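Student: Following is a predicted model, sequence given first.
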Amino acid sequence: MGLRFTTRASDSPWVDAVWTCTSEQVTEMTSVATASWGLVFWQCEGSAYAAVSGPETRTGAAPVPEGATFVGIEFAVGTSLRAIPTPALVDGGTDLPDATRRSFCVDGVRWETPGPDDAEALVDRLVRSGAVVRDPLVTEVRRGHRPAVSARTVERRFRSATGLTQGAIRQIERARTASALLAAGAPVADAVAQLAYFDEPHLARALQRYIGRTARQLREGAGGAIGLDLSQPTTS
């Protein structure tokens, strides 16, 4: 028993993933580092809630309402809410007021609460209204292009759009991918080689900092509830 995740990729350029989760006989989880922000909707004991989650630069412990069901949207790096710049959400988040089973309020407008199958429809409406925006330069760099600006300008734009450096984003995504590989049974040495870690101690430090697990715990499924679908490697 713990957290039962289902995660799917998205064909929207604004969304990295859509996930659902049910909490069973668990009241606390290990939260993990993440490079992106998200919208989270959940129901528990007949009440509905909504929140904006921010990028997380480290692991920690977080409470979990027992018996809750969640729907989450992980947005692409470089996107943000117009009303709440992503840098203001780093290592935090904010609850959204007056949420119901049917609707929630953000950017001064009430929106229909999505299910896992219509998350992209909500995002499309948010984008068309201007409530969700992005820095096109960050998107271009993330797709492997080299914009005709200086490296300093690129780094400044990344910090402005995400609240993180490019290096921090790469480290977080690499550790999340490593955790999924190890959870799937990959040998530690293979994860080190595949993800270009310097050595096994380097990987161990990254897992401890960003995931809150050792390689052995990931391979054995030990350590308790964790806020990550370990069956889904991060795509960068």
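Tutor: On my side now, so go ahead. Numbering: from 1, shown residues only.

Student: For Q25, see how far away P201 is.
Tutor: Distance of P201 to Q25, computed by C-beta to C-beta, to the nearest Å: 35 Å. The C-beta positions use only the backbone N, C-alpha and C, and glycine is treated the same way.

Student: so for the longest strand along the chain, what's the average pLDDT?
Tutor: For the chain, the longest strand by residue count, based on DSSP state E, is strand 15-23. The average of the pLDDT scores along strand 15-23 is 95.

Student: what do you get for stretch 221-236?
Tutor: 77.

Student: can you check stretch 75-87 too?
Tutor: 96.

Student: How far does the longest helix along the chain sit from its chain's centre?
Tutor: Ranked by residue count and defined by DSSP state H, the top helix of the chain is helix 166-183. Computed by C-alpha atoms, centre = their mean, to the nearest Å, the chain-centroid distance of helix 166-183 equals 12 Å.

Student: now swap in stretch 73-82 and tell me
Tutor: Per C-alpha atoms, centre = their mean, the centroid offset for stretch 73-82 relative to its chain is 10 Å.

Student: swap in stretch 193-205?
Tutor: For stretch 193-205, the distance to the chain centre is 22 Å (C-alpha atoms, centre = their mean).

Student: start the count at 77, not 1, going forward
Tutor: Okay, residue one is now 77; in that scheme the one you just asked about reads as stretch 269-281.

Student: Next, the buried residues of it.
Tutor: For stretch 269-281, a neighbour-count test (16 or more other C-beta atoms under 10 Å) marks 273, 279-280 as buried.

Student: And the longest helix of the chain, what does it pack against?
Tutor: helix 227-238, helix 264-270, helix 276-286, helix 291-296 (3 or more C-beta pairs under 8 Å, 6 or more residues apart in numbering; DSSP states H and E).

Student: Let me have those helices in TSV, adding distance to M105 as columns.
Tutor: Output for the helices and strands packed on helix 242-259, formatted as TSV (distance: least, C-beta to C-beta, whole Å):
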stretch	distance to M105
helix 227-238	24
helix 264-270	23
helix 276-286	15
helix 291-296	14
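
Student: which one of those helices lies closest to A159?
Tutor: Nearest to A159 among the helices and strands packed on helix 242-259 is helix 227-238; the distance by C-beta to C-beta comes to 15.3 Å.

Student: per-residue confidence averaged over the closest one?
Tutor: For helix 227-238, the mean per-residue pLDDT is 96.

Student: between that helix and helix 242-259, how big is the angle?
Tutor: Angle between the axes of helix 227-238 and helix 242-259 is 60 degrees (criterion: axes from the mean of the first three to the mean of the last three C-alpha atoms, to 10 degrees).
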